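[1] return a 3D structure for these sequence lines:
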Amino acid sequence: MSLESRPPLAASVTDDERVALHKEALKRSFLDNLFYVQGKFPALATQTDYYLALAYTIRDRSLQRWISTAAAYTTRGSRTVAYLSAEFLMGPHLGNNLLNLGITDTVREAMAELGLDLDTLLAEEAEPGLGNGGLGRLAACFIDSLATLQVPAMGYGIRYEFGIFQQEIVDGWQVEKTDKWLRYGNPWEVVRPEWAVAVKFGGHTEHYTDEAGQHRVRWVPARVVNGVPYDTPILGYRSNTANTLRLWRAEAPESFDFEVFNRGDYYGAVNQKMSSENLTKVLYPNDEQQKGKELRLEQQYFFVSCSLQDMLRILTVQQIPPERFHEKFAVQLNDTHPSIAVAELMRLLIDELGMVWEPAWEITRNTFGYTNHTLLPEALERWPLELFGRLLPRHLEIIYEINRRFLDEVRMRFLGDEARVARLSLIDEHGERHVRMANLACVGSHAINGVAALHSQLLTTDVLQDFHELWPEKFSNKTNGVTPRRWLVLANPALAKLVSAQLGEGWVRDLGLLRGLEPLAEDAGFSADWRAIKLANKTTLAALIRERTGLTVNPAAMFDVQVKRIHEYKRQHLNILHVIGLYLRLKTDPHFAPAPRVFVFGGKAAPGYAMAKLIIRLITAVAEVVNRDPAVRDLLKVVFIPNFSVTNGQHIYPAADLSEQISTAGKEASGTGNMKFQMNGALTIGTLDGANIEIREEVGAENFFLFGLSAAEVAARKAAGYRPADCYAADENLRAVIDLIAEGFFAHGDPTLFQPLLDNLLQYDPYLVLADYAAYADCQQAVNEAWCDTARWTRMSILNTARSGKFSSDRSIREYCREIWRAEPVPVRLLTQNAVRGGFLQ
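    The predicted model follows:
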């Protein structure tokens, strides 16, 4: 029945019907929400209205689980994981919630009976771009797994009004457009103004002695901003658990100053409101300028202070004394961005709650765990002392005191080693003085972990070596993982259905069960089905490529894919240099006949990162030439898919044949895109970097295309005095590629366009692109040979998926719970509305 021909709305549904999951109840709720929430009837409703009506329908079902979960946690006073992250790249909610509730097919039928297409409605959802890439997506996978494993948890972050920019490619260059994800509102969130907290900035401190003779400090701020929580329920897969993602929005304590307004200063009357709300306006402002640095530090402190104050409120509600803070909460710092939490918790315990230093420090160190996500020294945040002291004067005093006590301990352990003392200090005294946030996180946490075996090893021998020698017991490895719910079941439903037909559905919760696919790698019928699904996924992606770029690609060709943030260490330029090498050989060698291949690139460059933007321009320039050359048209295509995101990733990962994981060994902490590709049956070409090493160990060396220098060889090459120009001189093929770019062939004859990139490679090459070029090209030839053997490639593809179980975020979370957080699952019993009304929660 179409919407236009439906009968009049029925009377209000009963309590049970309001949250029922059967088709008729869903239809009634949908129509109610269209009428009563959206205020529309079919003749006026848009597709966005229909999407919102459906979203509210599903949110009702989520809220029952959410309230039931909160009741269970409150009643039991459960130990809770608080995951602090400046980024949460959640992706669209509707499809994921339908999957977790187990009603995707039911809702599809319900919408069809109302004359609507579910896929069209799913496409209406604006993706909340509240992260730059892997860090935010990892946080999203982790809170998905925490809910699925029924572990009490809260995700804490920032509700950016404008998320990561929308990327457009104009004349081959990246252009950043504003992300307006809140244009039509956000149906999944619930605002909680009654739980708003005040956050201070600037001003000065006053020291005094209290009635008990204790030295105390009062912070007198220059300004105060309110943090208002916006909550989103995060459903577990086929469970009653719904944990909370709590994101903070900045508001002025007073929206309007009547006194200023009455004096005629109309702009000044609202200036404080505008200034306060700017704090959470934009994800990660460009911090090249001083104002950008200042705003970024303000953002980090703002959400950390809001979150810790919220935890203290929860303690009060559950009647738990603050002395047991570390028993109630296990707080995980997702990289260095939230590490100011160490000083803030000390401030709250000492200044606000009146504790003395020693017990407050014991609580603090037992509360925090610190996850390091980088081996790049420039990514370990440091703040100029002047800026830090001006914005957070009380915290600088606390950090000085932490540092004084800590360095006394270091001097006792390492007598006379003042160089070590200087390296470990929370204050960098070289040149302009800085606060070292990674050092603060290490000192103030009881656990420190890396995110892949190699990364964790390199932390202990390089970046955090001094801390490891001081506290080896703090360090462990927790290899990253990704949720199979979004990245396999939701993104690749046909493959998930094929797997479930063979193994049942238990693998969705226990990805290790995919090992049961191994015997089927030799089964001709299963292999044919596997190939058919991959071809269908590639056909879907080919249609998306044509829609977004105008380029037609052949789904039967190999899809060779590199999609990730654009950065020199990720070496997208190594990939495109190889493409140019293939193009040259096709033009000059009439006997060269490789298998047809489509090179797919995607990813965003930071707005201020000129070299990354130039790499994008080189990729698009090569694409312009190659794609219009009739001599190579059937064998070689290059495409840059703009605006890579979670949504686009759900189309790309299932369609990939080859996954490019080619970062310089020792630079990628882990990577999670490599896991998503593997899970969906792509083969990996990669270096011994990050989680590539563990992927290769799991799938077997024969099912992984390995090339390039190891981390130790990279270090040795640099120590010996690496001269990239020698690689250029010694390799005829590489020289031809570089020379073709240098003469302006890909720039309409302009030899200057890519000169900065070439100069960097030939004079410095900090990520050893030229050193690895020949090995990469040889390995790509091995890829071509394997692809031409269809049965072999299919077998390798099946085995990659079958052996991806280790890389589920469920496994990662179980390890964190067991070894760092000491958190246990809490089963949830669904409450009815009548139970709530009857005072059950009291």
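
[2] so where's the stretch 551-700 of the chain uncertain?
    Low-confidence segments of the stretch 551-700 of the chain (pLDDT under 70): none present.

[3] please enumerate the helices of the stretch 301-450 of the chain.
    Counting by DSSP state H, counting those that start in this stretch, the stretch 301-450 of the chain has helices at residues 325-328, 341-347, 357-367, 385-391, 393-413, 418-424, 437-443.

[4] to G504, which of those lies closest?
    Closest approach to G504 among those is made by helix 325-328 (38.2 Å; CB to CB). For glycine as for every other residue, the C-beta is placed from the backbone atoms N, C-alpha and C.

[5] can you pull the buried residues of that closest one?
    Residues of helix 325-328 classed as buried under the neighbour-count rule (16 or more other CB atoms under 10 Å) are F325, H326, K328.

[6] try stretch 518-532
    So stretch 518-532, judged by 16+ other CB under 10 Å, has buried residues L520, A521, F526, S527, D529, W530, R531.

[7] contacts made by it with the rest, please.
    495, 498, 502, 681, 790-791, 794-795, 797-799, 802-803 (CB atoms under 8 Å, 6 or more residues apart in numbering).

[8] so of those, which ones are in strands?
    Among the contacts of stretch 518-532, the subset assigned to strands under DSSP state E is empty.

[9] buried subset of these as a PyMOL selection?
    In PyMOL, this line selects whichever of the contacts of stretch 518-532 come out buried by 16+ other CB under 10 Å:
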select buried, resi 495+498+681+794+795+797+798+799+802+803
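
[10] any idea which of the contacts of stretch 518-532 is closest to L375?
    R803 (26.2 Å).

[11] what packs against the helix or strand containing E785?
    With secondary structure defined by DSSP states H and E, E785 is part of helix 769-788. On a contact count with 3 or more CB pairs under 8 Å, 6 or more residues apart in numbering; DSSP states H and E, helix 769-788 meets helix 572-588, strand 683-686, strand 705-706, helix 724-730, helix 732-742, helix 755-763, helix 790-802.

[12] format these as CSV; extra columns: distance to K667.
    Below are these laid out as CSV (distance: least, CB to CB, whole Å):
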stretch, distance to K667
helix 572-588, 13
strand 683-686, 12
strand 705-706, 17
helix 724-730, 16
helix 732-742, 21
helix 755-763, 16
helix 790-802, 24
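
[13] let me see the mean pLDDT of stretch 122-131.
    Average pLDDT, stretch 122-131: 94.

[14] list the buried residues for it?
    Of all the residues in stretch 122-131, those buried under the rule 16+ other CB under 10 Å are L122, E124, E125, A126, E127, P128, G129, L130, G131.

[15] what comes up buried for the helix ranked longest in the chain?
    What stands out as the longest helix in the chain, according to DSSP state H, is helix 47-76. Burial within helix 47-76, assessed by neighbour count using 16+ other CB under 10 Å, is assigned to 48-62, 64-73.

[16] all the strands of the stretch 601-750 of the chain, residue numbers only.
    Under the criterion DSSP state E, counting those that start in this stretch, the stretch 601-750 of the chain carries strands at the ranges 636-641, 658-661, 683-686, 705-706.

[17] JSON lines for those, including mean neighbour count and distance to F302?
    What follows is the strands of the stretch 601-750 of the chain, written out as JSON lines (neighbours: other CB atoms under 10 Å; distance: least, CB to CB, whole Å):
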{"stretch": "strand 636-641", "mean neighbour count": "24", "distance to F302": "34"}
{"stretch": "strand 658-661", "mean neighbour count": "28", "distance to F302": "35"}
{"stretch": "strand 683-686", "mean neighbour count": "24", "distance to F302": "38"}
{"stretch": "strand 705-706", "mean neighbour count": "18", "distance to F302": "45"}
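
[18] out of those strands, nearest to T483?
    Taking CB to CB as the measure, these were each checked against T483, and strand 658-661 came out nearest at 18.0 Å.

[19] show me the strands in the stretch 51-200 of the chain, by range?
    Counting by DSSP E, counting those that start in this stretch, the segments of the stretch 51-200 of the chain that form strands are 80-84, 153-158, 166-170, 173-177, 190-191, 197-201.

[20] pairing partners for the fifth one, with directions?
    For strand 190-191, sheet partners with direction are given as strand 223-235 (antiparallel), following DSSP bridges.

[21] just the angle between the strand it pairs with and strand 197-201, please?
    Between strand 223-235 and strand 197-201, the angle comes out at 130 degrees (axes from the mean of the first three to the mean of the last three CA atoms, to 10 degrees).

[22] pLDDT on strand 223-235, on average?
    For strand 223-235, the mean pLDDT works out to 97.

[23] buried stuff in that strand?
    Using 16+ other CB under 10 Å as the test for burial, strand 223-235 gives V225, N226, G227, V228, P229, Y230, D231, T232, P233, I234, L235.

[24] pick out the most distant pair among those.
    Distance extremes for the buried residues of strand 223-235: the farthest pair is V225 and L235 at 31.6 Å, using CB to CB.

[25] return the distance of stretch 730-740 from the chain's centre.
    Relative to the chain's own centre, stretch 730-740 is displaced by 37 Å; criterion: CA atoms, centre = their mean, to the nearest Å.

[26] ignore what I typed, I meant stretch 319-339.
    For stretch 319-339 - counting by CA atoms, centre = their mean - the centre lies 22 Å from the chain centre.

[27] how about that stretch: buried residues?
    Burial within stretch 319-339, assessed by neighbour count using 16+ other CB under 10 Å, is assigned to 320, 322, 325-326, 328-339.

[28] where does the stretch 251-400 of the chain dip in pLDDT?
    Residues of the stretch 251-400 of the chain that meet the criterion pLDDT under 70 lie in 255-272, 285-289.

[29] hang on, the earlier thing: for the buried residues of stretch 319-339, which one is nearest E176?
    Proximity of those to E176 (CB to CB) peaks at H337, which lies at 21.4 Å.

[30] okay, the helices and strands packed on helix 769-788, which one's buried deepest?
    With neighbours taken as mean count of other CB atoms under 10 Å, these reach their highest mean count in strand 683-686, at a mean of 24.

[31] so in that sheet, which strands flank that strand, and in what orientation?
    strand 658-661 (parallel), strand 705-706 (parallel).

[32] which residues sit against the longest one?
    Strand 658-661 has contacts (CB under 8 Å, 6+ apart) with 558-562, 575, 668, 671, 673-674, 677-678, 682-687, 689-690, 692, 705, 783.
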